[in-house]
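>>> Quick one, what's the 3D model for this:
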Amino acid sequence: MSAPVPRPRVVVAGGHSAGHIEPAMNFADALRRLDGTAEITALGTERGLDTTLIPARGYRLELIPPVPLPRRFNRALLAVPSRLGASVGAAGEVLDRVRAEAVVGFGGYVAMPAYVAAKRRGIPIVVHEANARPGVANRVAARMTAHVFTASATVRLQHATAIGIPLRPVIANLDRQALRARARARFGLLPDGPVLLVTGGSQGARAINWAASGAAAALRAAGVQVLHIAGPKNIIDLASSAPGGPPYVVVPYVDEMHYAYAAADFVLCRCGAMTCAELTAVGLPAAYVPLPMRGGEQRYNAEPIVAAGGGLLVENDALSPAWIVEHVVPTITDPERLAAMSRAAGHAGSRDADVVLALHVLNVIAEYRHFAAGERGRSSRRQP
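Numbers count the residues shown, from 1 in each chain. Purely as a prediction, here's the structure:
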């Protein structure tokens, strides 16, 4: 009788922000679908969303001291080694305790300690970079391993292979047309007529909220319905809008975004990596508004989509009600142009990155076990 195959033991490191945690959890879900015996441990810190988001997805969370890294190689980076030691030690203790066979990192505060601890132990490192401009941790890790994956071919990282971003299956497999009627009814929208989805992310965005609400009357006059996700702490004042006409629905938050995507024909939104990945996976064109931080570098996530014809790009300072009237209204009310942009957006996206990454990690673990078994065999033969 053959010995049972041991369970794959994987540590994922992608904590602090939802942009790091979400693809890490989506990868973990795919790994469990492929191998239900997989033992997956997530590294995180107390500073971010780790303690909220990771346990809710059903994964064991181990906390280590955070090591914030500057996004550029500069003087601030010189202060990192003194803080890195304790975090690397804590990460190493976790790797030893769970007998990790692979570390899969997605950037963020816990990635660098995990990479260093894994490198010291000879544990395989797999890197995924969701952003168009990689952070320091993943740039360093790309020099430690040949297993590097990115959201798109435009990302410059050593050894990189573009696969897209791991998404939830409910998004990746969304049939917008099939769900459209039920989704629109869910939000109180009419079954026919174009729908603009407005969202600034989970907390909302003041500039997007102001511009969209300011264009409410013009949108209604053009026959455009609006589903506006304003953020839980934001209030949208539509008192000056004329009653009647296409609905302008304001909600604080949407937990199941696939319904919002199914209801919509066009989106006004930020261009974080996950947003861009989800919209292109489901074939939704959008007007992307980069967050005005770090030089507006979010724009690099949207630029390949815009270049392919799947969206528009407007800087935060240039966004206004007038811009929406001039650019969004003619787009969303032109069925032929909207269909062409939808096709272009869909061609720019990827739906299977979670499975591609999970399969690769399983192969890496198999190679690691084969190498380890060979080393043990050679060691036993050398003994007298």
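
>>> in this protein, which segments are predicted with low confidence?
1-4, 68-83, 202-204, 239-244, 294-295, 374-384 (pLDDT under 70).

>>> Show me it divided up by domain.
Domains of the chain are assigned by automatic domain parsing as 9-167+351-382, 170-347.

>>> Make CSV from these and add mean neighbour count to it.
In this view, the C-beta of every residue, glycine as well, is placed from N, C-alpha and C. Formatted as CSV, those follow (neighbours: other C-beta atoms under 10 Å):
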stretch, mean neighbour count
domain 9-167+351-382, 19
domain 170-347, 19
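
>>> From V356, how far off is L43?
Using C-beta to C-beta, to the nearest Å, we find L43 at a distance of 23 Å from V356.

>>> Leaving out chain neighbours, which residue sits closest to L189?
Among residues not flanking L189 along the chain, Q225 sits closest, at 5.2 Å (C-beta to C-beta, 6 or more residues apart in numbering).

>>> same deal with Y115?
Closest to Y115 by C-beta to C-beta, 6+ apart is A141, at 4.4 Å.

>>> One more: A260?
That would be V254: by C-beta to C-beta, 6+ apart, it lies 5.0 Å from A260.

>>> And T275, by the same measure?
Using C-beta to C-beta, 6+ apart, the closest residue to T275 is C269 (5.7 Å).

>>> My read is that that neighbour contacts L284, right?
No - with contact defined as C-beta atoms under 8 Å, C269 and L284 do not form a contacting pair (9.5 Å).

>>> intersection of neighbour lists for those two?
Common neighbours of C269 and L284, using C-beta atoms under 8 Å, 6 or more residues apart in numbering, are L197.

>>> From the contact counts, what lies against the longest helix anywhere in the chain?
In the chain, assigned by DSSP state H, the helix with the most residues is helix 353-382. Contact here means 3 or more C-beta pairs under 8 Å, 6 or more residues apart in numbering; DSSP states H and E; on that basis helix 353-382 packs against helix 18-34, strand 102-105, strand 125-129, strand 148-150.

>>> any idea how far that helix is from the chain center?
The chain centre lies 28 Å from the centre of helix 353-382; the measure is C-alpha atoms, centre = their mean, to the nearest Å.

>>> Nearest residue to the middle of this structure?
For the chain, the residue nearest the mean C-alpha position is M274 (3.0 Å; C-alpha atoms, centre = their mean).

>>> residues contacting that residue?
18-19, 22-23, 130, 165.

>>> now L197
L197 touches 226-227, 229, 260-261, 263-264, 266-269, 284, counting by C-beta under 8 Å, 6+ apart.

>>> List just the nearest of these to D50.
Nearest to D50 among those, counting by C-beta to C-beta, is I229 at 23.9 Å.

>>> Can you report phi and psi for that closest one?
phi -90, psi 100 (degrees, to the nearest 10).

>>> How about the one 3 residues further on?
Dihedral pair for P232: phi -60, psi -20, per degrees, to the nearest 10.

>>> My guess is A205 contacts G272. True?
No - using C-beta under 8 Å, A205 is not in contact with G272; the gap is 10.8 Å.

>>> Can you work out which residues contact both of the two?
Taking C-beta under 8 Å, 6+ apart as the criterion, A205 and G272 both touch L291.

>>> and V11, how far is that from A263?
To A263, V11 is 38 Å away according to C-beta to C-beta.

>>> Check D317 too.
Taking C-beta to C-beta, one finds D317 at 30 Å from A263.

>>> if we can go back for a sec, and the residue nearest to T275, what are its phi and psi?
Per degrees, to the nearest 10, the backbone of C269 is at phi -160, psi 170.

>>> Report the contact partners of it.
Contacts of C269 (C-beta under 8 Å, 6+ apart): 197-201, 208, 275, 279, 286-289.

>>> which residues does it bridge with?
On the basis of DSSP bridges, C269 is bridged to T199, Y288.

>>> Cross-check the contact I'm expecting between G193 and G245.
No - checked against C-beta under 8 Å, the pair G193 and G245 is beyond contact range at 10.4 Å.
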